[in-house]
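Enquirer: Can you look at this prediction? I've put the sequence above it.
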Protein chains: 2
Amino acid sequence: MTPAHQHGGTGGGHDLAGLVPVDDHLADVAAMIRPLTPVELALAEAEGCVLAADVTAGHPLPSFDNSAMDGYAVRAIDVASATERSPVTLPVSGLVAAGDTGAYAVAPGVSVQVMTGAQLPAGADAVVPVEWTDGGDAKVAIRRAAEAGHAVRRAGDDARAGEPLLSAGTVLGPAQLGLVAAAGGGTAVVRPRPRVVVISTGNELAEPGSPLTPGKIWESNSFMLAAAARQAGCLAYRSPVAPDEPRRLLEMIESQLPRADLLITSGGVSMGGPNDVVKDVLTGLGTVTFRKVAIQPGMPQGFGVVGPDATPIITLPGNPVSAYVSFQVFVRAALEAMLVTRELTLPVRRAVLSGPLKAPAGRRAYLRGVLDTAGETVAPLGHQGSHQLATLGRANALVIAPEQVTAMAEGDEVDVMSLP
Amino acid sequence: MTPAHQHGGTGGGHDLAGLVPVDDHLADVAAMIRPLTPVELALAEAEGCVLAADVTAGHPLPSFDNSAMDGYAVRAIDVASATERSPVTLPVSGLVAAGDTGAYAVAPGVSVQVMTGAQLPAGADAVVPVEWTDGGDAKVAIRRAAEAGHAVRRAGDDARAGEPLLSAGTVLGPAQLGLVAAAGGGTAVVRPRPRVVVISTGNELAEPGSPLTPGKIWESNSFMLAAAARQAGCLAYRSPVAPDEPRRLLEMIESQLPRADLLITSGGVSMGGPNDVVKDVLTGLGTVTFRKVAIQPGMPQGFGVVGPDATPIITLPGNPVSAYVSFQVFVRAALEAMLVTRELTLPVRRAVLSGPLKAPAGRRAYLRGVLDTAGETVAPLGHQGSHQLATLGRANALVIAPEQVTAMAEGDEVDVMSLP
C-alpha cells in the first residue's frame, strides 16, 4: 500500500466534520454564475459554441420534391407493367440536373431524365433508377416497375417549415452546424466562448524546459487546465506563474480580470499555512469563500466573484490530479451555467470493475481507471495519489466511489465518468 | 414507410454485385496514406496533437521526497507514543516551504515544520499533519502517532527515471499535456495537425444566408466536414463551392493542393451521369479509383493520390448524411494512418435497441440513434434517409447493422458507434 493509499484510506490528517457535500458545492458554484450574453456569429466561427436560441426550419427541407437517384421521372402508372422480359419504352422529353431552376413537367406516357437532387418535374410521382433502364437519351426502355414515391424525396420530408431543428443549449458540432447551414442559416446566435484565464501559484514552480533545481517542480497545471478549458469550448489563456507573494498575486489577478469571464487559480489553498497565498489574498475579496468539499481528490475549494464586473473565480488545489478532477467536476458546472447548457457534464455510465479499489470514508472519490471500448468493464489503475499524474495520463475514465463506500471489489458494478 | 426506407430496404436501384466490403475499403484508404513527418512544437501548440515518439521520465517524479500535507517532518519513532491524552512535544527547528531549495535535516527528537510540496528534511521519515498538533512554531505538541511514510511522497513514486509515461500515437489531451510538462518537457515531438481542404461540388448549392431559388439547396457539407475535421484534430479549410464544370473543378483542386495534406470533395460521384464532375475530372488523375462500397449511407466512394506531392484525395458522396458517415468511418481511418495513431476510431460498444430498425441487405448500415448517458440503451431515430440531416442533428450515435441483417427488433443487443 502506498502512502497515498494510506492517506486516502484513513482520511489522512483531515477532519471530516464540516465537509460540504459534492452536490451542494456544485449547486453553489453554478449559482454564482451569470449566463454570458448571446452573440451572433458566422457559421464557421460558431463551431463548437452553444446555441442561445432554438433553431427552426424557415422553409421545408428539402424545399422542393426532388430525385434521390439518377434516373427517369415518370408517372408510376405508366411503368406499372414493366418487367425484364417486357420492358416499357417511353420517350424522354428532357433532362433536369441538380441545380436547374426552370419549371419542368412530365406528360402522360413520357419521361424526363433526372439527376440526383434535381427537381421532380410536375406530373411525375416516381423516379426509375438508371440501373433499371437502358439509359437511353431520346427514349428509354424501363425493365422494372417503380411504385409511386420511389426514389423521390418529398419537400419537407427532412423537416417541415417551422419545425424545431435544434434547441437552445445544444453544442454546434459538425452535424448541427451542417443542419443550420442546410436550413439556410448563415449565422447562429450562440453564447460566446468563455474566456478563461488560468493562474498557477507557487514558489516551487519552474517552467517546463528549464533546468531542475532541488526543491522545485515543473509547472504543469496551467498547461493542463488551459487545455481542459479549451476542450470544454473556452478560449483559455495561461497567466505567468504567480509566486507566493500576496501583493504580486493580487496584481496578477487584477490585471487578468478584464480579459476573463472566469479566473481559475491552482495552488495556495490548503490548510492556511504561510504559503496559502491564494487564500490570504482572496479571503474577504468580493464574495470569495473557501471550504472543504467531501471529494477525493480536490477537497480544498474556493469560489466567488471579484472585481468591478463581478468576475467569477474558482480556486483549485495545486495537486495536479486534484486540479484536474476539480475542473471536470466543478469548473464544467460553472461553464454550463455560463453557457446555459447541459452538454458539458461528462457522461456517467455503469460498468463492471475488473479489480479492487479503496476509497476514503466520508468523501466521494473519483478514481482513475481505463474503461474498455465497449464501455462494459473498467480496470482500476494503481498509484491513485493526487500528485500521481502518470496514472492520469493513462486513464480514460474516473470510477466514482460514493461517500459511504471505502472499498470496491472486482465484479462490482460501479458508476464511471468518461473523460473527454 | 418513407421512400428512403423503401430505398434502403429494397436496395433501391442498386446492383449489389461487386460492392467492396467496408473493411476492405478501410484498409485500401489507409494503405494510400503516408504518415506526416513529425515536428517539435511548444507545449501549448502541441495540444490535441498526436505524439510521434514515446515520452519517458528523464528524472524521477517527484524528483525529491516531499510532504503531502502541511505539518511537521519527524522521525516516526519519535512520535510513536503520541496520543490525545499524552501528546509528544518536540522542538521545531525550522520551516521548509514548497519551493525552498536549501538542504534541510531533522535531528533525532526534533521536528521541522513543512508545507505541502516542501522537501522532506533529511532524517525525517514521516509528516505529522498540522491537524494532529497544536500548530506550534517553536515547539509542537503532537497528539497522534504517524507511521513511517505517513504523508510523505517518495521521489519516483509517480514515475521512476526512464519509466515510459506516454507512448507514440497518444493524443495530447489535457492530462497528457500536464504530464509532459510535469516531466519537464517544454516541447513535444508530434505529428503536425493534418491540413484538410474541403471542396463541395454542385450547381445546386447556394451559400447559407443567401435567398432561396427553386431548384437550389443551401450548401452545408463543407461546413460540416470542415468542423468534423477540426474535431478530429485537423486544420480545416473550406474551399469556395465548385460548380459542375470540369475545368473549374480541376483548377480548384490544383490550386488547393499546396495547402492540403488531404483533400476531401463532396458530391459529383454518383452514377456517372452528366453531373458527376468529380468522377469525370479525377478518373485517370493520379491513382484515383472510384468504387461502390457495401455501406449505407455512403456507397459511392473514391480515393487516390494526385499532384506533384501525391496528395491524398477522398471523394465523398454529396448527400449530407452519407458525407458525414463516410467522414467518421473512412476519413478518420485516413487521418489515423497520417498520424500513426489508433485514437481517432470512434468507440463502438454494445447496447440494447429500444425500438425496431430496418437495414439494407448486403450493406453494413450506420443508422442514427440516441444512446442514453449510461451507454446501455440506444433509441433509433426516424427519417433515416441519407438526405435527412435533421435526424443527424439529434443523434449522438450510429447503430451498426451488419451486412446480412435487414431488420433489428426492440431488445436486440447491437453495436453502437458513439459520435464525437
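Expert: Perfect, thanks for sending it. Please read these numbers as outputs of a predicted model, since none were measured by experiment.

Enquirer: can you give me the helices for the stretch 151-300 of chain A?
Expert: Ranges of helices in the stretch 151-300 of chain A, per DSSP state H, counting those that start in this stretch, are A:174-182, A:221-231, A:246-256, A:277-282.

Enquirer: number of nearby residues for A:Ala310?
Expert: 12 (other C-beta atoms under 10 Å in any protein chain shown). Where C-beta positions appear, they are placed from N, C-alpha and C, glycine not excepted.

Enquirer: Could you find the closest non-adjacent residue to it?
Expert: Spatially, and ignoring its direct neighbours in sequence, A:Ala310 is nearest to A:Gly286 (7.1 Å; C-beta to C-beta, 6 or more residues apart in numbering or on different chains).

Enquirer: measure the one you found to chain B for me?
Expert: Distance of A:Gly286 to chain B, given as C-beta to the nearest C-beta, to the nearest Å: 25 Å.

Enquirer: Dihedrals phi and psi, that residue?
Expert: A:Gly286 has phi and psi values of phi 50, psi -140 when expressed as degrees, to the nearest 10.

Enquirer: How many neighbouring residues does it have?
Expert: Quick note: A:Gly286 (other C-beta under 10 Å) scores 15 neighbours.

Enquirer: surely it meets A:Val306?
Expert: Yes: assessed by C-beta atoms under 8 Å, A:Gly286 is found in contact with A:Val306 at 3.5 Å.

Enquirer: Give the intersection of the neighbour lists for the two.
Expert: A:Ile313 (C-beta atoms under 8 Å, 6 or more residues apart in numbering or on different chains).

Enquirer: And the helices of the stretch 151-300 of chain A: which comes nearest B:Thr406?
Expert: Distance to B:Thr406, taken as C-beta to C-beta, is lowest for helix A:174-182 among those, at 25.9 Å.

Enquirer: Which strand or helix spans A:Ser93?
Expert: strand A:88-96 (DSSP states H and E).

Enquirer: for that strand, which positions count as buried?
Expert: Buried residues in strand A:88-96, counted by 16 or more other C-beta atoms under 10 Å in any protein chain shown: A:Val88, A:Leu90, A:Val92, A:Ser93, A:Gly94, A:Leu95, A:Val96.

Enquirer: which of these are close to chain B?
Expert: Among these, the ones lying near chain B by C-beta under 8 Å from any C-beta of the partner chain are A:Leu95.

Enquirer: Make JSON lines out of the buried residues of strand A:88-96 and add pLDDT.
Expert: Shown next, in JSON lines, are these (pLDDT from 0 to 100):
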{"residue": "A:Val88", "pLDDT": "98"}
{"residue": "A:Leu90", "pLDDT": "98"}
{"residue": "A:Val92", "pLDDT": "98"}
{"residue": "A:Ser93", "pLDDT": "97"}
{"residue": "A:Gly94", "pLDDT": "96"}
{"residue": "A:Leu95", "pLDDT": "96"}
{"residue": "A:Val96", "pLDDT": "96"}
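
Enquirer: Return the alpha-carbon coordinates of the host helix or strand of A:Val29 using CSV.
Expert: Assigned by DSSP H and E, A:Val29 falls within helix A:22-31. Only the C-alpha atoms of helix A:22-31 are listed here, as CSV (Å, rounded to 0.1, in the frame of the first residue of the first chain):
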residue,chain,number,x,y,z
VAL,A,22,-20.2,17.5,-3.6
ASP,A,23,-23.7,18.2,-4.9
ASP,A,24,-24.1,21.2,-2.6
HIS,A,25,-20.8,22.6,-3.8
LEU,A,26,-21.8,22.0,-7.4
ALA,A,27,-25.0,23.9,-6.9
ASP,A,28,-23.3,26.8,-5.1
VAL,A,29,-20.7,27.2,-7.8
ALA,A,30,-23.3,27.2,-10.5
ALA,A,31,-25.4,29.7,-8.6
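
Enquirer: and the residue lying closest to A:Ala151 once chain neighbours are set aside, what does it touch?
Expert: Leaving aside its chain neighbours, A:Ala151 sits nearest to A:Val127 (3.9 Å; criterion: C-beta to C-beta, 6+ apart). Contact analysis of A:Val127 by C-beta under 8 Å, 6+ apart lists A:67-69, A:71-74, A:114, A:120, A:146, A:150-152.

Enquirer: which of those residues sit farthest apart?
Expert: A:Ala68 and A:Val74 (14.2 Å).

Enquirer: out of these two, which sits in the busier spot?
Expert: A:Val74 (31 against 24).

Enquirer: sorry, back to before: which strands border the strand holding A:Ser93, and is each parallel or antiparallel?
Expert: Using DSSP bridges, strand A:88-96 pairs in its sheet with strand A:111-114 (parallel), strand A:139-142 (antiparallel).

Enquirer: ok now it, how far from the chain's centre?
Expert: On the basis of C-alpha atoms, centre = their mean, to the nearest Å, strand A:88-96 sits 51 Å off its chain's mean C-alpha point.

Enquirer: circling back: any idea what the residue nearest to A:Ala151 is bridged to?
Expert: Per DSSP bridges, the residues bridged to A:Val127 are A:Ala73.

Enquirer: any low-confidence regions in chain A?
Expert: A:1-15, A:271-275 (pLDDT under 70).

Enquirer: list the contacts for the nearest residue to A:Val278 once chain neighbours are set aside?
Expert: Distances taken as C-beta to C-beta, 6+ apart place A:Gly268 nearest to A:Val278, at 3.4 Å, with adjacent residues excluded. Residues near A:Gly268 by C-beta under 8 Å, 6+ apart: A:Thr201, A:Gly202, A:Asp244, A:Leu249, A:Asn275, A:Asp276, A:Val277, A:Val278, A:Lys279, A:Asp280, A:Thr315, A:Gly318.
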